[in-house]
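In: show me how the following folds:
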Amino acid sequence: MANQFKHRWRSDLLIVIGLLFLLFLVFLAFINWMLSIAGLVLLALSALWFLLNERQFDKELIDYVAGLSYRLKKVGNEALLNMPIGILLYDESEQVEWSNPYLNQIAEDEGKTVIGKPLNEISEILSKLIASDKESMIVALNERQYRVRLKRSERLLYFTDITDILEIKKQYYNEKTVLGLIFLDNYDEVTQGLEDQVRSTINNETTTVIKTWATQHGIYLRRTASDRFLAVLNERLLNSIEEEHFSILDKVREITVPLSHIPLTLSIGVGAGTATLEDLGSYAQSALDLGLGRGGDQAVIKRPDGDVRFYGGKSNPVEKRTRVRARVISHALSELMLESDQVMIMGHRAPDLDSIGSCIGILKIAHANGRSAKIIMDQTHNVSGVSKLIAELKKHKNLWSNFITADHAADQVTKKTLMVVVDTHRPSLVVDPPLLASVQRVVVIDHHRRAEEFIKDPVLVYMEPYASSTSELVTELLEYQPNERPLDLIEATAMLGGIAVDTKNFTLRTGFRTFDAASYLRAHGADTILVTKFLCDDLDQFNQRAELIRRTKIYKNNIAIAVGESDQSYDQVLLAQTADTMLMLEGIRTSFVIGRRTDGQIGVSARSLGDLNVQVIMESIGGGGHLNNAATQMADTTIDEATERVTGAIDQYLEGGLS
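Out: Numbering: from 1, shown residues only. This is a model prediction of the structure:
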């Protein structure tokens, strides 16, 4: 085509030159007509040559265009019929009107046609694509993967084979680096007091078990401390480990420690899903901290998209044998209070006795450090026990004057205000989340296992999942205050009530430090009769609980499930009390109580004597809690649907699908 363009440019130039030469001959005729005639003859001969040359050029151009059109048509037919892209036209009834040979080949056996068949016979996904607002979907045909693109205006589908691309993508993902931090979370406590030779034997046995597990899975393992390991693996290896639910947790727990009834446990933090080693290390450490905050004996996988998965957590959290941490936290809390101009104390919404009791304990610590303090109270969610406590607190005006509303507290907050959150660590559950967000310095004191949701950037965290209650933790902090002030009877009673309600009158989740804390409170005048008064039920509650128990059905031999009536509302505390009571029945090892709460949501309370980890079961349906004490709430659902979800989660747990 470039030669034709050059020829046309030269022709135009010759015409211009010929015209100029003709003008010159006209001028020359006035001077010498003989030369002018000779020049005219020469010009005529040149014009004749030019015309012949142009005719030849036009013929060649026509031949060239005809050849090019033939080639383009041939290439178009080749592309339409033989190019490795499937093309399909369908009609209004979603039946195939036409398809190219390549589509016939990938959709059916070679030599057959799909014309006239409904799209559903090729793949059900094609109809879903047409019905949706998407422009493309991936369809599997004869063990190959195709990207199907839709042109709605022409009712046209293009099929592009992306099997190899997906395989490369899968290989890239499987080979991405993953970092794991392995920590023997109670090695010192379990081996305390043992002879050096015995400790060395246990250490070697534990190391052998971990290294054997790593070798079997192709993991690079490096010991970084006596109780810590660094693991380097990839996504493919991580998937295989997840499929077996981190069996290393069970293998380490089975190691026998002489003269110890406490099993040795392991915690693993895994960072995955990012390309930089720095970020992987950060996610792995964060995952390990999350696992330890939930009591240890579990593996936690954390990714940059916020996806956090938990495995393990089947053993009770190990109670620590030292009070050093409590003393350090107590002194650190005092220093923070002294650096602040005031202290705000806040528990969770719908407070129980533990929440209010621990708030009163922190109030006492603030007064012991010479700081004014206020308790932010949610007075719109008072259950029976809390109502009785509040009625008693109102009789003590000096103490009750320290209770304020969230609106009142918002007007008093300054840059140097210290906020102490007790009995919860989830910002969505506190009395007033916006108020919490407005405070720059926050302390968290809680006894629940750490959830993924956590208060952002606290200056001090004291979370001990082994503890019976937050009131127990606060009582220990009180004991180590340098300027300890004596507790009033009502203050000590409120804190003892907090311990009593979370331990079911010292029958569940109690350790020796639980009784030490109760003894301390009793020595300061805690009234056990008054605690019993707070915890006693009225006749209506007793009858409702009895009715729920009457509706109990046994599931899987020793699991009791009580389902409330669909048209009746139940207090969340009543559901929890019913679940506790059911464990007192012979043969019942785990209980679930399901009922519609007063706020319209479906509440589920779960309790266990340790055979089943109800925390894992409740987490799978959006809840949480402890190994033997957990709960969840479900919105926009019915009683029957909630029951199906609970039984489905139980089945999945028993089959090993949850860990």
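
In: tell me the contacts of residue 199?
Out: residue 191 (C-beta atoms under 8 Å, 6 or more residues apart in numbering). C-beta here means a position set from N, CA and C on the backbone, and glycine is covered the same way.

In: look up phi and psi at it.
Out: phi -60, psi -40 (degrees, to the nearest 10).

In: from residue 206, how far off is it?
Out: 11 Å (C-beta to C-beta, to the nearest Å).

In: burial of residue 614, as a residue count?
Out: Burial of residue 614 is recorded as 30 neighbouring residues (other C-beta atoms under 10 Å).

In: now it: how far from residue 345?
Out: Counting by C-beta to C-beta - residue 614 and residue 345 are separated by 30 Å.

In: again, but for residue 175
Out: In terms of C-beta to C-beta, residue 175 sits 51 Å off from residue 345.

In: look at the two and report which has more neighbours.
Out: residue 345 (27 against 10).

In: what secondary structure does the more buried one sit in?
Out: The three-state label given to residue 345 by DSSP: H, G, I helix; E, B strand; the rest coil is strand.

In: residues in contact with it?
Out: 359, 362-363, 366, 373-376, 419-420, 422.

In: what is the nearest of those residues to residue 42?
Out: residue 419 (107.2 Å; C-beta to C-beta).

In: what pLDDT does the closest residue to the closest one other than its chain neighbours get?
Out: Nearest non-adjacent residue to residue 419, counting by C-beta to C-beta, 6 or more residues apart in numbering: residue 439, 4.2 Å away. Note for residue 439: predicted pLDDT of 93.

In: quick check: residue 439 vs residue 413, distance?
Out: For residue 439, the distance to residue 413 - C-beta to C-beta - is 6 Å.

In: next: residue 157.
Out: From residue 157 to residue 413 the distance is 61 Å (C-beta to C-beta).

In: again, but for residue 459
Out: 16 Å.

In: and for residue 59?
Out: 94 Å.

In: these two - which one has more neighbours?
Out: Comparing residue 59 with residue 413 by other C-beta under 10 Å, the one with more neighbours is residue 413, at 15 against 10.

In: checking that one next. Helix, strand or coil?
Out: From three-state DSSP, the assignment for residue 413 is coil.

In: list the contacts for it?
Out: Neighbours of residue 413 in contact, by C-beta under 8 Å, 6+ apart: 344, 435, 438-439.

In: from residue 487, how far out is residue 503?
Out: Taking C-beta to C-beta, one finds residue 503 at 20 Å from residue 487.

In: over to residue 397?
Out: Taking C-beta to C-beta, one finds residue 397 at 17 Å from residue 487.

In: neighbour count winner among those two?
Out: Counted by other C-beta under 10 Å, residue 397 and residue 487 do not tie: residue 487 has more neighbours, with 22 against 8.

In: dihedrals phi and psi, that one?
Out: Dihedral angles for residue 487 - degrees, to the nearest 10 - are phi -80, psi 140.

In: give me the domain ranges for this protein.
Out: Annotated domains of the chain cover 2-81, 86-166, 185-312, 324-535, 543-654 [automatic domain parsing].

In: in a markdown table: these, plus distance to residue 179.
Out: Formatted as a markdown table, these follow (distance: least, C-beta to C-beta, whole Å):
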| stretch | distance to residue 179 |
| --- | --- |
| domain 2-81 | 49 |
| domain 86-166 | 26 |
| domain 185-312 | 4 |
| domain 324-535 | 19 |
| domain 543-654 | 24 |
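
In: worst mean pLDDT among those?
Out: domain 2-81 (a mean of 63).

In: just the C-alphas of stretch 115-132, formatted as CSV.
Out: Only the C-alpha atoms of stretch 115-132 are listed here, as CSV (Å, rounded to 0.1, in the frame of the first residue of the first chain):
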residue,chain,number,x,y,z
ILE,A,115,-27.6,-26.1,17.6
GLY,A,116,-31.2,-26.3,18.8
LYS,A,117,-30.3,-27.3,22.3
PRO,A,118,-31.3,-25.2,25.4
LEU,A,119,-28.4,-23.4,27.0
ASN,A,120,-29.0,-25.3,30.3
GLU,A,121,-28.0,-28.5,28.6
ILE,A,122,-24.6,-27.0,27.9
SER,A,123,-24.3,-25.5,31.3
GLU,A,124,-26.7,-24.2,33.9
ILE,A,125,-24.4,-21.3,34.5
LEU,A,126,-25.1,-19.8,31.1
SER,A,127,-28.8,-19.2,32.0
LYS,A,128,-27.6,-17.6,35.3
LEU,A,129,-25.2,-15.3,33.4
ILE,A,130,-28.0,-14.1,31.1
ALA,A,131,-30.4,-13.6,34.1
SER,A,132,-27.7,-11.6,36.1
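
In: going forward, count from 22.
Out: I'll keep to 22 as the first residue from here, and by that count the last item is stretch 136-153.

In: for that stretch, which positions count as buried?
Out: Buried residues in stretch 136-153, defined by neighbour count with 16 or more other C-beta atoms under 10 Å: 140, 143-144, 146-147, 150-151.

In: any idea how far the residue nearest in space to the middle of the chain lies from residue 265?
Out: Most central in the chain under C-alpha atoms, centre = their mean is residue 328, positioned 3.3 Å from the mean C-alpha point. Per C-beta to C-beta, residue 328 is found 20 Å from residue 265.

In: ok, residue 180 next?
Out: For residue 180 relative to residue 265 (C-beta to C-beta), the value is 38 Å.
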